[in-house]
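Participant: when you get a sec, could you give me coordinates for this:
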Amino acid sequence: MWLLYLDGFFAVVKYLDQTDIYGAWRFYGGIGAVLSPIAVLSYIAAGFLIANGKMLGWYVAVGASLSPLVLRLLWKLIVTDTISWQWVLTQGSLMSMIFEVALFGLLVHPMSRSYAKIWLR
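Facilitator: All right, here's what the predicted structure looks like:
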């Protein structure tokens, strides 16, 4: 939950600062301009829903953890027309990729899934 809030904070900063993929879509427009703020807000919404014991929060969190990858893939397909898988996976920042993978891994880990099944409604 705290990692969702932390990622959500940095996603908001990147969106407002027009850096990273969130801000790039804000500047460029198109379908990513609609998906980017939804992805940014989904981190915060997922953390809030999980904190309040809602199973929907877990599903939103999994979607939020995959959103940077989806937005970068759309960017490469729509804007540049070439695919560099290294850029799609990391966007040049290995630390960002580590946090994205860690969040996804923590959410889909069997212990987290069993916790969600038992305690979240």
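Participant: tell me how far residue 66 lies from residue 40.
Facilitator: From residue 66 across to residue 40, the span is 14 Å (C-beta to C-beta, to the nearest Å). Every C-beta, even on glycine, is put in place using the N, C-alpha and C of the backbone.
Participant: my bad, residue 95
Facilitator: Taking C-beta to C-beta, one finds residue 95 at 19 Å from residue 40.
Participant: got it, and residue 51?
Facilitator: 18 Å.
Participant: higher neighbour count, residue 95 and residue 40?
Facilitator: residue 40 (25 against 8; other C-beta atoms under 10 Å).
Participant: in what helix or strand does the residue of the chain most remote from its centre lie?
Facilitator: Distance from the C-alpha centroid of the chain, by C-alpha atoms, centre = their mean, peaks at residue 118 (24.8 Å). Applying DSSP states H and E as the criterion places residue 118 in helix 110-119.
Participant: list the buried residues for that helix?
Facilitator: residue 116 (16 or more other C-beta atoms under 10 Å).
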